[in-house]
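Student: 3D model of this:
(one chain, ligands or ions: 1)
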Amino acid sequence: MDLLTALDNAVREIKETLPSMPLLENEPMAAHSSFRIGGPVRAFALPGDITSFSRLTHILKKNKLLPLVTGNRTNILFPDEGLPELFIISTERMDRLFLLPDGAIYAEAGVSLAKLSSFACQHSLSGLEFASGIPGSVGGGILMNAGAYGGEMKDVTESVVTYYLPQQKLYETLNAQCGFGYRKSAFQTIAGCAIVSAVFRLKEGDPEEISAKMRELNDRRREKQPLDLPSAGSAFRRPEGYYAAALIDECGLKGYTVGGAQVSPKHAGFIVNLGNATSHDVYDLMMHVRSTVYQQKGVPLEPEIILLSPEYRLVDESPAAPLHHVYGSALQSSPENGE
Ligand SMILES: Cc1cc2nc3c(=O)[nH]c(=O)nc-3n(C[C@H](O)[C@H](O)[C@H](O)COP(=O)(O)OP(=O)(O)OC[C@H]3O[C@@H](n4cnc5c(N)ncnc54)[C@H](O)[C@@H]3O)c2cc1C
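Tutor: Numbers count the residues shown, from 1 in each chain. Okay, here's the model as predicted:
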């Protein structure tokens, strides 16, 4: 059976089995990504709890399909052409959040990092102040080991529960086994591994001090970052020993524009959508920035944004497909070939 037929069959069965679960078909990702860019994907499902999540993925597995699990899509560039063979699961509605008897916080994958950090503050728990302005979810934050202002998800995550889609099984992973590194976790390398919840261990603190810290960090963000325009945060990872934004700025690239995509004049690390940017504009701009920085500074920049290739396909039988595909292979090849 071909992939499109398998997708049609799965969508039909999901609608019959889970009639109350929101399931959008041929849905443009521009409406669901912080970049406001991207054509339609075949299906976009929003299960509200782990039970619907597992029933949904069971049907996909039966049809030999592997979905892409996303959180808030604040770190992804979707292609304009759309991805007619992609089934996306959004965890947004899986957002149970509560305090455990031992004082740790339990959060489902779809809880926003903003909500998680204010919940911690309300319970006089300190450690998540850094995360209050990161627009992602618990699942995306852990997968990316999101961080800011000296804090990272790895510092506060005690354990992570994942649902391994090929086996339809739940696993608990303790912090030491999560493979956390700079914007990195072991979950990135396991195809079909969905984060469904996590437990956070924080320190007791004074709620007024915690909330003052969060306000201060969010003021810093508003002052330094172009939060009024769509983006996906820092476009490039921090190269060892450097800051990507400083390198880009020193190369005179602030304000450099390709179509509707621009290196933010406010923060050179951000690529912003001026209103009508295409994924190709963003990609071409990233290529230009990358090759200019390499020519002038000799430092190769690697993308932090996940660039979903038009060839993106996740079929259950494929060999371990990495979650991080790039838009064309050029960004991962040598920067000299960039232009
Ligand atoms: C204005 C702005 C500011 C930002 N500032 C920061 C910052 O300070 N620090 C920082 O680190 N990042 C920052 N980001 C980037 C982004 O918010 C983070 O990377 C965030 O952790 C992504 O979370 P998400 O829920 O949006 O993930 P998504 O973008 O939805 O997904 C990111 C990756 O995680 C995977 N994924 C998501 N959820 C799951 C899940 N439940 N199970 C398995 N895989 C999953 C997706 O498949 C994808 O590979 C910023 C972005 C914007 C737009």
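
Student: so residue 199 is in which element?
Tutor: Assessed by DSSP states H and E, residue 199 sits inside strand 193-200.

Student: Do me a favour and average the pLDDT over that strand.
Tutor: Strand 193-200 carries an average pLDDT of 96.

Student: helices or strands next to that strand in the packing?
Tutor: helix 50-62, strand 105-108, helix 138-143, strand 157-164 (3 or more C-beta pairs under 8 Å, 6 or more residues apart in numbering; DSSP states H and E). All C-beta atoms are positioned from the backbone trio N, CA, C, and that covers glycine.

Student: Just the CA atoms of it, as CSV, please.
Tutor: In CSV, the C-alpha atoms belonging to strand 193-200 read as follows (Å, rounded to 0.1, in the frame of the first residue of the first chain):
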residue,chain,number,x,y,z
CYS,A,193,10.2,8.6,20.7
ALA,A,194,7.5,10.9,22.0
ILE,A,195,7.9,12.7,25.3
VAL,A,196,4.6,12.5,27.1
SER,A,197,5.4,14.0,30.6
ALA,A,198,8.2,14.9,32.9
VAL,A,199,8.9,15.5,36.6
PHE,A,200,10.8,18.6,37.7
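
Student: strands paired with it, and their directions?
Tutor: strand 105-108 (antiparallel), strand 157-164 (antiparallel) (DSSP bridges).

Student: Would you mind telling me which of those strands is nearest the ligand?
Tutor: With respect to the ligand, and counting by C-beta to the nearest ligand atom, the nearest of the strands paired with strand 193-200 is strand 157-164 at 7.3 Å.

Student: So is that closest one next to the ligand?
Tutor: No: against the ligand, strand 157-164 shows no contacts by C-beta under 6 Å from any ligand atom, the least distance being 7.3 Å.

Student: before we move on, the earlier item: tabulate the strands paired with strand 193-200 in TSV, adding columns for mean pLDDT.
Tutor: Formatted as TSV, the strands paired with strand 193-200 follow (pLDDT from 0 to 100):
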stretch	mean pLDDT
strand 105-108	98
strand 157-164	95
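
Student: Looking at those strands, which one is packed in the most?
Tutor: When you average the neighbours per residue for each of the strands paired with strand 193-200 (mean count of other C-beta atoms under 10 Å), strand 105-108 leads with a mean of 23.

Student: What are the contacting residues of that strand?
Tutor: With contact meaning C-beta atoms under 8 Å, 6 or more residues apart in numbering, strand 105-108 is reached by 50, 91, 94-100, 116, 119-120, 123, 125, 138, 196-200, 202.

Student: immediately after that strand, which helix or strand?
Tutor: Next along the chain after strand 105-108, taking DSSP H and E as the criterion, comes helix 113-122.

Student: For the stretch 201-339 of the chain, what lies in contact range of the ligand?
Tutor: Residues of the stretch 201-339 of the chain lying close to the ligand (C-beta under 6 Å from any ligand atom) are 227, 231-233, 306, 323.

Student: now, among those residues, which is nearest to the ligand?
Tutor: Distance ranking of those against the ligand, using C-beta to the nearest ligand atom, places residue 233 first at 2.5 Å.
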